[in-house]
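**Q** structure of the sequence below:
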Amino acid sequence: MSLVPHMETSRLRRVWHDRVTADFRDFRFTGAGFARWSVIVLAAFLIAALVTLYFLDWNLMRRPIARYASHRYGRQVQILGDLEVDLFRWQPRISVDGLTIGNPAWLKDRPQGARLAHAGIEFRLWPALFGHLILPLVELDQPDFLLVRLSDGRTNWDSARAGGPGWKIPPIRQFLVNNGHVEIDDAVRHLKFQGTVSSEEKADGTGAAFRLDGKGALNANAFMAHVEGGPLIHVDESKPYAFKADVEAGPTHAVINGQVAHPFHLDLWGGRITATGKTLSDLYDLTGIALPGTPPYHLSGNLKRDGSFYSVNDLSGTVGKSDMHGYVTADVSGRIPSLRGHLSSRVLDFDDLGALFRGGKSPAETGNTLLPDVTLHVARMRQINGEMDYDADAIASRDFPLRGLSTHISVENGVLTLKPLAFAFIQGKLSGAVTVDARKDVPLTKVDARITDVHVEHFIKSGEKPLTGVVEARAQLSGEGASVHKVASSANGVVTAVMPQGGMKKSLAEWLGVNVLSALGVSLSGDQSQTSLRCAVMSFHAEHGVLNSRQIVLDTDPTRLDGQGDINLKDETLDITLQGKPKHFQLLRLRAPVKLSGSLSAPRISVDKSAALAQGALGAGLGILSPFAALIAFVDPDLAKNADCAAILADAKSAGAPVKASAVANAPSSK
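**A** Below you'll find the model as predicted:
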């Protein structure tokens with residue numbers, strides 16, 4: 001075997017090894033080289049991707065895309081028809097047939113949330129590359145949507161993994177909807193609604209713009225809605241998009257002429273709203289915001305939404321016979337909506353104020369009781385927080401000489417507080433605070449009300465003023481129940497009213513003491529003179545809805561009146577006996593007490609006939625002996641003494657009545 005070939009091969013191997021080794025020794029890493037190779041690799045990848053996308057049969061991607069969407073949104077997504085994607089044009093197009101979107105797993109009885117026979121979307125390529133999506137065309141054929149909200153607040157339209165305060169839809173130039181259908185089943189609003197959606201605007205701007213019409217039921221009331229938008233062909237996202245909504249729910253009717261500030265960011269819009277209805281409390285089912293029961297209303301204002309913040313400014317209109325002005329805001333970002341605002345009236349009709357306690361119902365609807373028994377919506381009170389100021393410059397009232405009202409209303413975690421609550425009279429005021437704790441199923445109400453410097457003669461409508469003087473009073477009561485009547489029926493506390501001094505028509509003072517001769521004398525003579533009212537006090541202790549008298553005294557110069565009895569708030573009746581005694585000798589006097597009885601709404605004043613008959617029988621018996629002996633039965637040697645007004649007022653002050661210290665110091669004693 002020759003060694004020449006073998007030696008030649010070895011030599012060639014050494015030469016190759018030395019050359020390769022030299023090449024690696026001469027290699028140097030440079031940024032330019034790395035960039036060049038990166039561009040080559042990326043270009044190759046993009047070319048391969050574009051070739052793949054161009055020749056790709058997108059129907060093969062239906063299942064992978066559906067699986068990804070199902071995982072991403074937590075509900076089953078299916079593409080039952082063709083999937084077509086054309087990306088190689090300045091206005092790429094995506095269309096899909098037989099698209100179905102399921103409901104969340106907890107909505108087992110209604111598994112399908114949306115179905116579209118056909119959907120097509122075109123978008124502009126160049127803006128999309130920079131993250132700005134514009135949709136020249138959106139077409140939906142036979143779309144069918146189901147929107148469900150359960151009583152616990154869960155909805156089928158919120159993503160299982162992410163949510164947002166509002167929908168932000170890219171600008172749409174042409175929106176075509178053929179035979180659309182939407183169904184809403186909202187257990188929170190008690191709303192069941194079925195509507196049709198259509199939009200047939202042509203590319204040249206002709207044809208019908210967006211339109212939604214539907215009807216259903218809202219809390220057992222007929223519900224109708226009509227929404228329409230302006231032409232979309234010239235929509236500019238920098239300019240507002242106009243729309244009009246007309247909604248009727250039973251007696252409630254609302255019309256909004258508004259604009260979407262940036263089409264189509266549906267969480268930023270506003271417009272002029274006009275609403276009419278039987279009572280503001282009916283708006284709860286539409287808005288989720290608990291409002292009080294009121295008389296029929298007609299209100300309008302500038303409504304604006306900014307994400308989860310709503311506001312109504314320049315609010316004006318009427319509630320009942322009262323005018324209403326101001327502003328209201330609502331923040332619904334939290335679990336419980338938060339309400340803020342300030343409302344005022346130039347003239348408040350007192351009957352409209354009473355309607356608040358009747359839940360917006362008329363007296364005929366709530367019965368003939370003085371204290372309304374309309375149930376308070378305890379659950380609604382727990383679903384709203386807020387602060388509200390209200391004031392009225394004047395109050396129109398047939399029965400009370402009121403001049404104005406001012407109050408601050410707050411609701412926090414189920415506790416309603418009116419503090420301060422101040423009514424201004426022609427002279428004097430009624431002020432205090434009311435707290436309703438509705439955190440439990442049976443609310444607890446506390447009332448602390450004071451009457452100061454109120455002149456009693458202002459409450460007497462006749463030209464003659466048989467009683468004059470300043471009334472000071474205080475009521476400290478608490479009770480349980482979901483209505484005014486139930487609270488009163490369980491009330492506990494104290495009620496005290498005093499008149500440190502005043503005047504009384506002399507004939508009235510004589511009649512209260514049943515001083516027959518003297519009273520007849522001053523009445524027949526037409527004597528209009530006044531006698532001094534030294535002091536008066538009425539003090540009650542409330543227990544389980546019954547006000548039992550602690551002290552009833554009315555002391556005038558000629559007569560002292562003492563009383564006892566009770567006021568039953570459960571059945572709204574009173575049973576009080578007043579016994580008057582003269583302070584000087586009377587020849588002819590009936591010892592017959594005065595009775596106050598009947599209902600609180602229609603009290604009766606009468607003389608105790610049994611006592612008068614007994615006195616008359618005694619007189620008749622003595623008359624058998626002698627006609628003059630009969631007069632003995634009508635002579636009362638037991639004369640009354642002056643009341644110790646200083647002690648009475650001091651006791652009333654210690655019980656909480658707003659009696660001034662100067663009134664106690666200047667009050668007359670028993671001497």
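
**Q** might you list the low-confidence residue ranges for the stretch 401-550 of the chain?
**A** Regions of the stretch 401-550 of the chain meeting the criterion pLDDT under 70 cover residues 507-528.

**Q** could you pull out the helices for it?
**A** Taking DSSP state H, counting those that start in this stretch, the helices of the stretch 401-550 of the chain run over residues 484-489, 506-512, 516-524.

**Q** then the stretch 151-300 of the chain?
**A** If you assign secondary structure with DSSP H, counting those that start in this stretch, the helices in the stretch 151-300 of the chain sit at 284-287.

**Q** and for Leu60, the neighbour number?
**A** With neighbours defined by other CB atoms under 10 Å, the count for Leu60 comes to 9. Any C-beta I mention is one placed from the backbone N, CA and C, and that applies to glycine too.

**Q** and if you look at Gly545?
**A** 21.

**Q** residues in contact with it?
**A** Under the criterion of CB atoms under 8 Å, 6 or more residues apart in numbering, the neighbours of Gly545 are 479, 488-491, 568-570.

**Q** repeat the analysis, applying 7 Å as the threshold.
**A** With contacts taken as CB atoms under 7 Å, 6 or more residues apart in numbering, Gly545 has the following neighbours: 488-491, 569-570.

**Q** which residues sit in contact with the nearest residue to it once chain neighbours are set aside?
**A** Spatial nearest neighbour of Gly545, excluding adjacent residues (CB to CB, 6 or more residues apart in numbering): Ser489 at 4.2 Å. Taking CB under 7 Å, 6+ apart as the criterion, Ser489 is in contact with 481, 545, 569-570.

**Q** for those, give me JSON lines that also has distance to Asn413.
**A** Compiled in JSON lines, the contacts of Ser489 are given as follows (distance: CB to CB, whole Å):
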{"residue": "Gly481", "distance to Asn413": "20"}
{"residue": "Gly545", "distance to Asn413": "28"}
{"residue": "Leu569", "distance to Asn413": "29"}
{"residue": "Lys570", "distance to Asn413": "31"}
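
**Q** buried ones from these, can you make that a PyMOL selection?
**A** This is the PyMOL syntax for the buried subset of those, where burial follows 16 or more other CB atoms under 10 Å:
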select buried, resi 481+545+569
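
**Q** coming back round to it: now the two most distant members of the contacts of Gly545.
**A** In terms of CB to CB, the contacts of Gly545 reach their longest pairwise distance at Ala491 and Lys570, which sit 9.6 Å apart.

**Q** ok, back up a step: now, among the contacts of Ser489, which is nearest to Met504?
**A** For these, the closest approach to Met504 (CB to CB) belongs to Leu569, at 28.6 Å.

**Q** check that closest one and give its pLDDT.
**A** At Leu569 the predicted local confidence, pLDDT, stands at 94.

**Q** repeat for the one 10 residues further on
**A** Note on Gln579: pLDDT of 81.

**Q** do I have it right that it meets Gly565?
**A** No. Counting by CB atoms under 7 Å, Gln579 sits too far from Gly565 to count as a contact (11.0 Å).

**Q** who's more crowded, those two?
**A** Taking neighbours as other CB under 10 Å, Gln579 and Gly565 compare with Gln579 leading, 20 against 17.

**Q** who's in contact with the more buried one?
**A** 562-563, 593.

**Q** adding pLDDT and neighbour count, write these out as CSV.
**A** Written out in CSV, the entries for these read as follows (pLDDT from 0 to 100; neighbours: other CB atoms under 10 Å):
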residue, pLDDT, neighbour count
Asp562, 87, 17
Gly563, 89, 18
Pro593, 76, 21
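
**Q** can you tell me which of those is nearest Leu291?
**A** Checking the contacts of Gln579 against Leu291 by CB to CB gives Gly563 as the nearest, at 43.9 Å.

**Q** only alpha carbons, please: show the regular element (helix or strand) spanning that closest one as PDB.
**A** Secondary-structure element containing Gly563, defined by DSSP states H and E: strand 559-568. Output in PDB follows, covering the C-alpha atoms of strand 559-568 (Å, rounded to 0.1, in the frame of the first residue of the first chain):
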ATOM      1  CA  THR A 559    -109.500  80.100  87.600                       C
ATOM      2  CA  ARG A 560    -107.000  77.200  87.900                       C
ATOM      3  CA  LEU A 561    -107.400  74.300  85.600                       C
ATOM      4  CA  ASP A 562    -106.000  70.900  86.400                       C
ATOM      5  CA  GLY A 563    -106.200  67.800  84.200                       C
ATOM      6  CA  GLN A 564    -105.200  64.200  83.700                       C
ATOM      7  CA  GLY A 565    -105.600  61.500  81.100                       C
ATOM      8  CA  ASP A 566    -103.900  60.000  78.100                       C
ATOM      9  CA  ILE A 567    -103.400  60.200  74.400                       C
ATOM     10  CA  ASN A 568    -103.300  56.800  72.600                       C
END
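
**Q** A strand includes Arg604, no?
**A** Yes. Remark: Arg604 belongs to a strand, assigned using DSSP: H, G, I helix; E, B strand; the rest coil.

**Q** show me the protein divided up by domain.
**A** Structurally, the chain divides into domains by automatic domain parsing as follows: 47-115, 451-666.

**Q** so how far is the first one off the chain centroid?
**A** Right, the one you point to is domain 47-115. Centroid separation for domain 47-115 versus its chain: 45 Å, with CA atoms, centre = their mean, to the nearest Å.

**Q** surely Arg124 meets Arg89?
**A** No. Applying CB under 7 Å, one finds Arg124 not in contact with Arg89, separated by 10.4 Å.
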